[in-house]
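> Here's a sequence, model it:
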Amino acid sequence: MKPSTFLLVIASLCFVDACGGGGTPPPPPPPAVPTVAISALSTTINLGDAATLTWSSTNATSCTASSSPSESDWSGQVATSGSQPVTPASLGTSTYSLQCTGKGGDTSNSASVMVNIGALVIVSGTLPNGTVGTPYDRRSVRCSKGSPGCTCLFPNNPQSCFRIVFGFPLSATGGIAPYVWSWTAAPGLVLPAGLSLSGSTISGTPSAAGSYGIVVTVTDSQSPAGHTAVTYTLTINNPTPPSITSTAPRAGSLNLPYTFTFSATGFAPLTWTKSGALPPGLLLGSDGVLAGTPTKLGSYPITATVTDGVGQTSSEDVTIEIFPHGFKTTGSMAEARREGHTATLLTNGKVLVAGGIDATTTAELFDPASGTFSATGSMVSARHDHTATVLFNGRVLVAGGDNVTGATVELFDPVSGSFASTGSMSTARTGHTATLLTNGKVLVTGGIGTGGVSLATAELFDPASGTFTLTGSVATPRTGHTTTLLANGKVLVTGGMDAGGTTVATAELFDPVTGSFTSTGNMGTTRRDHRATLLTNGKVLVTGGVDASSTIVVTAELFDPVSGTFASTGSMRTAHIRHQAVLLQDGTVLVAGGGDSSGLAQAAAELGAASGASFAGTGSLITGRDSHTATLLNDGRVLVTGGIDFSGTPLATAELYQ
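All right, here's what the predicted structure looks like:
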């Protein structure tokens, strides 16, 4: 062949086959077939235990799980790689298969786990101790919000939801569930009384202390059934010994009914006994109630003992005092009056009780002859911490207090039994004092004004004109103070809290002639919410209150109008604040109730000597009271009304001291 001819043939072939940059490309390679790997972390396990499967795949777009025997925890679509626990439900070989699909086709693989019967073992922890009379094993467990008995500390935090359950759950591993539990007493012992085994839970309320040996047996459901037993020691302790919670018995009075209840906490039933001689006429019941009518004066020391339901005891040495005079109940008021009310002796011998924090506008009259209260006309304005002063004409001036304006004033007419408005004070006041002067006018001093601070101003009410006029101001603004009319016609002002909230010891004298206040000697102790009583010897006995360090005061002191000074005198038998102090017809001073050294209402009462030099015991109030009233009646008895008891409950009851 000629060279030219050969070149022509080659050129033709390259043209047809696209030599050097032309022609048809080769076909793509086929898709890769998926690969699947699956394995079990443990290939041999006990029935009831979990096996962890781990798997992976390549070139797969989806994977489907299946098992033989079929199991719900390895079924259906799963991720193309992952790890999860599975729990075989039957003995023998469990096979876990995984089929993965991709563009290149399907591939499957499997892993097998041999499931054996594990040894039946009780794995419950040590039994917790129990207490007689207390439900066994109180625990809190997590719960779902809204489920019965579920409490959530924080509504939006599910982790704070819990419920209280009782009973100790027993548990076991191995064998074939379900399990059946039983128990018996260890040889020579008994099961604890009050506890039982229900299902797998020990529960109940133990009723006897001791150390109990318990044989717990669990049986599984395989055939033949497997079983195993464990001996536990269960300790049941006695409850906390009883604790006496009552205060010292109140003092009684000769030939007056007496009741006092001893109280304690502890495992019921609580039974009371005593050693030592009780006052004749009194008996102590097993329920702790000491009651009767004392028939002999004196002091009677006894030991009161309380025994709980398991025989534990607690004792307290107490002394029961019986005095010549004391309190007895009388008719109750129509309304409870917790504080801030007034009780005023009228010229007809009855007592007008008006207002108070809980009693709004209401008023009522106490009749000493019948010992009962009856309604009378209501006040024009609701009031508490006001004053009520009997005028020379027999009417009662009711002034100020915490009401709508605090400056309004009204008059009560005993003849018509009604109230009517009269001229207002120049300044709104609450917690002030009002003193009837020898000239028939009424001196109103201090108190808290509309700004919430103690006032220094004072004013005079003139019954003739029915109006108030300002008079000289006190040197120290005061509330919680006292004002006492002296035999010389002047008014002694003592203590109280100043405009800065400080309790003071200063004292001043108001002279009706000049209409001015002048300083006098200071008290030896700062005091507010104390009492000041004019004695028959012309001196003033100052008792109790709270000092500038917030200590409730037990001390007393005497003001001598001649020297213008205070001197310490004998201390009271107990501290008193917001108490009442009443001059009796025999010249002694009855100090009754009020807050004790802890500020809680007390029943204690005592008598200040006519000289003011000492204090002696007398019968206690029937009910402990704070912020009550005490009013001397014409027959020499003292009417006590309202106040709050030691729990802060407002009282409608009343008592008579005789």
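> In space, what's closest to Ser68 - neighbours in sequence excluded?
Thr95 (4.7 Å; C-beta to C-beta, 6 or more residues apart in numbering). For every residue, glycine as well, the C-beta is placed using N, CA and C.
> Let me see the contact set for the one you found.
Ser67, Ser68, Ser110, Ala111, Ser112 (C-beta atoms under 8 Å, 6 or more residues apart in numbering).
> My understanding was that the second one contacts Ala89; is that so?
No - using C-beta atoms under 8 Å as the test, Ser68 is too far from Ala89 to be in contact (11.7 Å).
> what separates Gly355 from Asp402, distance-wise?
9 Å (C-beta to C-beta, to the nearest Å).
> Pick out whichever of the two has more residues nearby.
Gly355 (27 against 18; other C-beta atoms under 10 Å).
> Next one: that one, what pLDDT does it get?
Looking at Gly355, its pLDDT stands at 96.
> Does it touch Ser378 like I think?
No - using C-beta under 8 Å, Gly355 is not in contact with Ser378; the gap is 9.7 Å.
> about what we covered before: who touches both of Gly355 and Asp402?
Contacts common to Gly355 and Asp402, judged by C-beta under 8 Å, 6+ apart, are Gly340, Arg383, His384, His386.
> would JSON lines of those with neighbour count be doable?
Formatted as JSON lines, these follow (neighbours: other C-beta atoms under 10 Å):
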{"residue": "Gly340", "neighbour count": "20"}
{"residue": "Arg383", "neighbour count": "31"}
{"residue": "His384", "neighbour count": "22"}
{"residue": "His386", "neighbour count": "30"}
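> nearest to Ala277, of those residues?
Of all these, Gly340 has the smallest distance to Ala277: 44.3 Å, by C-beta to C-beta.
> Mutual contacts of Gly355 and Ser378, please.
Counting by C-beta under 8 Å, 6+ apart, the residues touching both Gly355 and Ser378 are Thr361, Thr362, Ala363.
> need those in TSV with secondary structure, can you?
Output for those, formatted as TSV (DSSP: H, G, I helix; E, B strand; the rest coil):
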residue	secondary structure
Thr361	coil
Thr362	coil
Ala363	strand
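> Please pick the buried ones from the residues you listed.
Thr362, Ala363 (16 or more other C-beta atoms under 10 Å).
> of the shared contacts of Gly355 and Ser378, closest to Pro239?
Nearest to Pro239 out of the shared contacts of Gly355 and Ser378 is Thr362 (C-beta to C-beta; 48.4 Å).
> Provide the secondary structure category for Gln159.
Quick answer, by three-state DSSP: Gln159 is helix.
> mind showing which ranges of the chain have poor pLDDT?
When residues are selected by pLDDT under 70, those of the chain lie in 1-23, 359.
> the helices in it, which residues?
Applying DSSP state H to the chain gives helices spanning 3-17.
> got the domain boundaries for it?
Here the domain assignment for the chain is 35-116, 121-237, 245-318, 327-657, based on automatic domain parsing.
> Put together CSV for these, with distance to Pro29 on each row.
Converted to CSV, the domains of the chain look like this (distance: least, C-beta to C-beta, whole Å):
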stretch, distance to Pro29
domain 35-116, 10
domain 121-237, 54
domain 245-318, 87
domain 327-657, 92
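> Looking at those, which one is packed in the most?
Comparing the domains of the chain by mean neighbour count (mean count of other C-beta atoms under 10 Å), domain 327-657 ranks first with a mean of 20.
> How far does that one stretch from one end to the other?
This stretch, domain 327-657, spans 4 Å end to end (C-alpha to C-alpha, to the nearest Å).
> How far off centre is it?
32 Å (C-alpha atoms, centre = their mean, to the nearest Å).
> returning to what we had before: ok, the contacts of Thr95 vs Gly298, which is closest?
For the contacts of Thr95, the nearest to Gly298 is Ser67 (92.7 Å; C-beta to C-beta).
> got a list of what the nearest residue to Thr43 once chain neighbours are set aside touches?
In this structure, Thr43 finds its nearest non-sequential neighbour in Val113, 5.8 Å apart by C-beta to C-beta, 6+ apart. Contacts for Val113 (C-beta under 8 Å, 6+ apart) come out as Ala40, Ser42, Thr43, Thr44, Ile45, Ala51, Pro88, Thr93, Ser94, Tyr96.
> Enumerate the beta-bridge partners assigned to Val113.
Ser94 (DSSP bridges).
> Can you give me the distance of it to Ser39?
As judged by C-beta to C-beta, Val113 and Ser39 stand 10 Å apart.
> do the same with Ile236
Distance from Ile236 to Ser39, by C-beta to C-beta: 52 Å.
> What of His628?
Distance from His628 to Ser39, by C-beta to C-beta: 86 Å.
> Same question for Ser110.
Distance from Ser110 to Ser39, by C-beta to C-beta: 10 Å.
> Could you do Leu197 as well?
For Leu197 relative to Ser39 (C-beta to C-beta), the value is 43 Å.
> and if you look at Val553?
According to C-beta to C-beta, Val553 stands 86 Å off from Ser39.
> List the residues that contact Ser563.
Gly521 are the contacts of Ser563 under C-beta under 8 Å, 6+ apart.
> Kindly recompute the last result at 10 Å.
Ser563 makes contacts with Thr520, Gly521, as judged by C-beta atoms under 10 Å, 6 or more residues apart in numbering.
> Nearest to the spatial middle of this structure, which residue is it?
Compute the mean C-alpha point of the chain, and by C-alpha atoms, centre = their mean the closest residue is Ser647, 10.7 Å away.
> pretty sure that residue is touching Leu600, no?
Yes - here Ser647 reaches Leu600: they are 8.7 Å apart, a contact under C-beta atoms under 10 Å.
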